[in-house]
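Chemist: I need the structure of the sequence given here:
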Amino acid sequence: FLVTVNIMGYTKSQFLFLPLATNIKMTLGDLRLVTGLWKSIEHMKKGEQAMIWIKPGEYGYARTKNAEAIQWPDLVKDDEELKKKIKEEDIYFEVELLDWIVRSDVLGDGFLMKTYEYVSNGYERCGDNDEVIIDYNIFNIDDKHNETQLDSGTNEHISMRDYHSWSDLDKDFKFTFVMAKVLKSMKLDEISSTIIKYEWLEQ
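Modeler: This is a model prediction of the structure:
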């Protein structure tokens with residue numbers, strides 16, 4: 001899930017290491033987050049407000065597994081003493097869950113991650129021999145998360161059998177094998193975006 005929250009964090013001794021931040025987007029399971037935080041949000045309902053209490057250890061900032069991935073709050077990231085403080089004390093997060101977006105791992109390997117913007121109520125999906133009509137945008141995203149648009153179109157008629165390899169993609173629209181995989185995971189009228197890892201394209 002991709003969630004939107006209002007959040008504030010402080011220690012048992014009332015040190016405010018995370019002042020109130022509003023409309024913050026985070027992905028549950030992201031290694032940059034404190035484990036106890038996202039695991040608790042996972043059990044919240046939309047609109048719920050909760051105080052999350054995390055004791056020192058693996059569920060807080062003192063975790064040892066993937067410790068290097070933790071994203072430290074701005075107020076402590078450059079201060080080793082303050083980092084030690086929030087590692088060793090009980091910490092509290094006050095969280096309001098505003099919204100969430102469902103994400104789906106299309107292939108189960110983390111290489112095609114689909115985010116639903118509008119979920120259709122139907123069940124019907126296209127097959128290998130079908131023709132579809134799509135609106136699309138294709139972007140390249142670099143290591144700094146800058147987007148470059150490669151192509152876009154509306155009411156594009158496509159035969160699901162008429163796809164090309166990724167290496168054939170040029171400035172003109174080419175229906176690729178990757179797009180075929182994504183389209184076959186979609187329902188009629190669904191609106192979604194899919195992040196495709198470059199490693200999968202190379203395969």
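Chemist: and the gap between residue 55 and residue 39?
Modeler: 13 Å (CB to CB, to the nearest Å). Just so you know, the C-beta spots here come from the backbone N, C-alpha and C atoms, and that holds for glycine as well.
Chemist: okay, helices next: where are they in this protein?
Modeler: For the chain, the helices defined by DSSP state H cover 35-41, 80-88, 177-184, 198-202.
Chemist: of those helices, which shows the lowest average pLDDT?
Modeler: In terms of average pLDDT, helix 198-202 trails the rest of those, at a mean of 67.
Chemist: residue ranges with poor pLDDT in the chain?
Modeler: The chain contains residues with pLDDT under 70 at 119, 122-123, 164-175, 200-203.
Chemist: ok, 80 please
Modeler: Along the chain, the parts satisfying pLDDT under 80 run over 1-2, 101-111, 113, 115-124, 143-145, 163-178, 197-203.
Chemist: quick one: the strands in it?
Modeler: Secondary structure of the chain by DSSP state E: the strands cover 2-11, 16-27, 49-54, 91-101, 103-105, 112-118, 131-141, 147-159, 191-196.
Chemist: the longest one: how far from the chain's middle?
Modeler: For strand 147-159, the distance from its own C-alpha centre to the chain's C-alpha centre is 23 Å (CA atoms, centre = their mean, to the nearest Å).
Chemist: do the same with the shortest one
Modeler: Its chain's C-alpha centre and that of strand 103-105 lie 9 Å apart, by CA atoms, centre = their mean.
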